[in-house]
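[1] Need a 3D model of the following:
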Amino acid sequence: MEVRHAEILISAVSPEQYPNGKLPEIALAGRSNVGKSSFINRLINRRNLARTSSKPGKTQTLNFYLIDDVFRFVDVPGYGYAKVSKAERAKWGQMIETYLTERKDLALVISLIDFRHPPTTDDIQMYQFLKYYGLPTAIVATKADKVPRGKWNKHENEIKRALQFDPEDKFIVFSAEDSTGKTAAWEMIEEAIQNKKF
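    Coordinates of the predicted model:
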């Protein structure tokens, strides 16, 4: 998919602030610094539409991006960042849960996991949460350029085993640095958009 127009619509913390108009939404969930913003920027060939930060825990709102008036990316606050207070984490958790379980426009949740390491407890809990609620789910394993190709199968198997991965879900190995997995990611997103029923 060649993106001609992309813009940030709104940063929201509650359903009253979500954008109106029925468009499929692709939500991106993952721990802080897993590369959600880099994933968006690489897919749409823009350097900094989605703000990347060297400081984890920077995204504290649901950020809605309009892509070609066809669908929206929704960047969800990163989880697992220790320096945020428990109260703040609980608030984020409630905001994320409300969005994921109540948003009718949701077409797919992409759970991003760092390909270099086994999934964290938070990664596993997020995947279990998505499966429990029957949400359309895919795994994107980021930072693949940092893993030698000869070890990809090993890393993929480790992640799948830890998650108790459902083979019906898609698993994409991705790198924002060298575009590995970009085509597969777009195919998955386009399929989710087409399958979304309102």
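
[2] Only C-alpha atoms from now on, for both contacts and neighbour counts.
    Fine.

[3] Would you map the strands across the chain?
    When assigned using DSSP state E, the strands of the chain occupy the ranges 6-12, 25-30, 62-67, 71-75, 106-114, 137-142, 170-173.

[4] Check the offset of the helix or strand of the chain with the lowest mean pLDDT from the chain's centre.
    Of all the helices and strands that make up the chain, helix 86-102 has the lowest average by mean pLDDT, DSSP states H and E, namely a mean of 82. A distance of 15 Å separates the C-alpha centroid of helix 86-102 from that of its chain, computed with Cα atoms, centre = their mean, to the nearest Å.

[5] re earlier: want to throw the strands of the chain into a markdown table with mean pLDDT and mean neighbour count?
    Putting the strands of the chain into a markdown table (pLDDT from 0 to 100; neighbours: other Cα atoms under 10 Å) gives the following:
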| stretch | mean pLDDT | mean neighbour count |
| --- | --- | --- |
| strand 6-12 | 92 | 16 |
| strand 25-30 | 96 | 25 |
| strand 62-67 | 94 | 22 |
| strand 71-75 | 96 | 23 |
| strand 106-114 | 98 | 25 |
| strand 137-142 | 98 | 24 |
| strand 170-173 | 98 | 20 |
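
[6] To residue 98, which of these lies closest?
    Closest to residue 98 of the strands of the chain, according to Cα to Cα: strand 62-67, at 11.1 Å.

[7] Residues touching that closest one, excluding its own?
    Residues from elsewhere that reach strand 62-67, judged by Cα atoms under 8 Å, 6 or more residues apart in numbering: 3, 5-13, 19, 72-77, 96.

[8] Recalculate using a threshold of 10 Å.
    Residues from elsewhere that reach strand 62-67 (Cα atoms under 10 Å, 6 or more residues apart in numbering): 3-14, 17-19, 23, 25-28, 40, 44, 49-50, 71-77, 92, 95-96, 99.

[9] bridging residues for the closest residue to residue 173 other than its chain neighbours?
    Using Cα to Cα, 6 or more residues apart in numbering and skipping residues adjacent in sequence, the residue nearest residue 173 is residue 141, 4.8 Å away. Partner residues in beta bridges with residue 141: residue 113, residue 173, with DSSP bridges as the criterion.

[10] what's the distance between residue 70 and residue 18?
    Residue 70 sits 16 Å away from residue 18, going by Cα to Cα, to the nearest Å.

[11] about what we covered before: can you show me the CA trace of the least confident helix or strand of the chain as CSV?
    This file holds the C-alpha atoms of helix 86-102, laid out as CSV (Å, rounded to 0.1, in the frame of the first residue of the first chain):
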residue,chain,number,x,y,z
LYS,A,86,1.7,2.2,40.1
ALA,A,87,-1.3,4.6,40.1
GLU,A,88,-0.2,5.9,36.7
ARG,A,89,0.2,2.4,35.3
ALA,A,90,-3.2,1.4,36.6
LYS,A,91,-4.7,4.4,34.9
TRP,A,92,-3.0,3.5,31.6
GLY,A,93,-4.2,-0.1,32.0
GLN,A,94,-7.8,1.0,32.4
MET,A,95,-7.6,3.3,29.4
ILE,A,96,-6.1,0.5,27.2
GLU,A,97,-8.6,-2.0,28.4
THR,A,98,-11.6,0.3,27.8
TYR,A,99,-10.4,1.0,24.3
LEU,A,100,-9.6,-2.6,23.4
THR,A,101,-12.8,-4.1,24.8
GLU,A,102,-15.3,-1.4,23.8
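
[12] If anything else comes up later, I'll come back, but that's it for now.
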